[in-house]
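Q: I would like to see how this sequence folds:
(one chain, ligands or ions: 1)
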Amino acid sequence: MTDYNFKIAHLYGDLMNTYGDYGNILALRYYAKQVGVTVDVDLVSLDTDFKDNQYDFALFGGGQDYEEQIVSYDLPKKADAIKRYIENGGPFLGVCGGFQLLGHYFLLADGTRVEGIGALDHYTLNQPTSRFTGNIRIQDEVSGEIYRGFENHQGRTFLGAGERPLGKTLEGHGNNGEDGGEGLVYKNVYGTYFHGPIFTRNGNLALKVLTIILNRKYPTVDWQAKLASVPAESF
Ligand code: GLN
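A: Residues are numbered from 1 along each chain as shown. Down below sits the predicted model:
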């Protein structure tokens, strides 16, 4: 029995879970358990409200163009709550399609425009005949940390006001193959094209986000010190 617990919303987890993005949740649970914290997960999908004040972390994973389009029809119902959650500093991970849909819009491979929720200021153009596929390695320019993963996307994302890339691309294509950036950081929102999933392959990032989650929920506990003894794995 533990006194500490936090709650995760898995947004559209039944539709948006490319390459096992759910593994990001398993990684958080794995590290949380080592400091005596349990984790509950709700699937928040089509026709379910996102009750932003009930969650301590949200995962919005990747999907193919087809699923992304279905999700885009439902998203306006959740848009206000997601924006409020983000602006209040809610920890959030958007992967690939989920990352794209947080922005203004993205283009399907055939050029059809699909609306995002505009919670963040990026937008995503298309590549009609090719994709960015392969191993990717980036460096966080603030902390110097290296993150490794696998990218597979046709979308080319361009960041906007207030967003900085998660890292500088050392190997692979990143957001758009042009500006050398990969992913995004805005407040406590992380966006990325990494599958792998990013938290299982990069325990350093998982532990960083877990520290943010726990500091927000239990501010009187020194989570930094507790988590310092937990080894960062790369599975
Ligand atoms: N449909 C998007 C693209 O190809 C997202 C793909 C994904 O989530 N893996 O750009």
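Q: can you give me the helices in this structure?
A: Ranges of helices within the chain are 23-33, 65-87, 97-102, 198-201, 203-217, 223-228, based on DSSP state H.
Q: which other residues reach the shortest one?
A: In this case it means helix 198-201. 23-24, 26-28, 93, 95, 147-149, 192, 194, 205-206, 209, 233-235 (Cβ atoms under 8 Å, 6 or more residues apart in numbering). Where you see a C-beta, it was placed from the backbone N, CA and C, and this is true even at glycine.
Q: can it be found next to the ligand?
A: No: applying Cβ under 6 Å from any ligand atom, one finds helix 198-201 separated from the ligand by no less than 12.7 Å.
Q: for that helix, what is the average pLDDT?
A: Average pLDDT, helix 198-201: 97.
Q: tell me the contacts of residue 68?
A: 16, 97, 100, 101, 106, 114.
Q: could you measure it against residue 117, distance?
A: As judged by Cβ to Cβ, to the nearest Å, residue 68 and residue 117 stand 12 Å apart.
Q: how close does residue 100 sit to residue 63?
A: 10 Å.
Q: For stretch 177-192, give me every contacting residue.
A: 86-87, 89-96, 98-99, 102, 120, 122, 132, 136, 138, 149, 156, 158-159, 162-169, 172, 174-175, 193-194, 198, 205, 209, 212, 216.
Q: distance between it and the chain's centre?
A: 10 Å (Cα atoms, centre = their mean, to the nearest Å).
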